[in-house]
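# Dropping a prediction and its sequence here:
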Amino acid sequence: MITVTVTPVPQDHTSFGYPMNDTSNLKSVNMAMVTDTGCQSSIMPLQYANNLGIAKRDPLPVKLTMRGAIKEDLGVIGAIEPLMRYLPNPLGYYAMSQKQ
């Protein structure tokens, strides 16, 4: 389990041709996340995206089915491109990640 600061990046949505309708409520939020080094994609509940100020209509459209460890459909409804800043680990290092 790690703690990250997640920040919406509305410019990325615009560059994909899907600008967010209203960016006035966007904000950074600290979240606890489970790390999985074998995972190809990250997934978060819609409520977590809402906490960032992202409305249900804002995620980028995708045609994707993701399955959990027990093979259940995780119900992907769209994609967001946030900046994730990992809070200091025990050694005091920081790391940043943003999909390119």
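Done, it's in. Treat the numbers as computed from the prediction; the structure is a model and nothing was measured.

# and residue 41, what does it touch?
Taking CB atoms under 8 Å, 6 or more residues apart in numbering, we find residue 41 in contact with residue 66. For every residue, glycine as well, the C-beta is placed using N, CA and C.

# Residue 3 now?
Residue 3 touches 30, 31, 32, 33, 86, 87, counting by CB under 8 Å, 6+ apart.

# one more time with 6 Å
30, 32, 87 (CB atoms under 6 Å, 6 or more residues apart in numbering).

# can you pick the most crowded of the residues you listed?
Within these, most neighbours by other CB atoms under 10 Å means residue 87, with 12 neighbours.

# before we move on, the earlier item: I'd like to know which of the contacts of residue 3 are part of strands.
If you go by DSSP state E, the contacts of residue 3 have 30, 32 in strands.

# so what's the residue lying closest to residue 30 once chain neighbours are set aside bridging to?
What sits nearest to residue 30 in space, not counting adjacent residues and going by CB to CB, 6 or more residues apart in numbering, is residue 5, at 5.4 Å. For residue 5, the beta-bridge partners are residue 30, residue 85 (DSSP bridges).

# Surely residue 5 touches residue 28?
Yes: with contact defined as CB atoms under 6 Å, residue 5 counts as touching residue 28 (5.4 Å).
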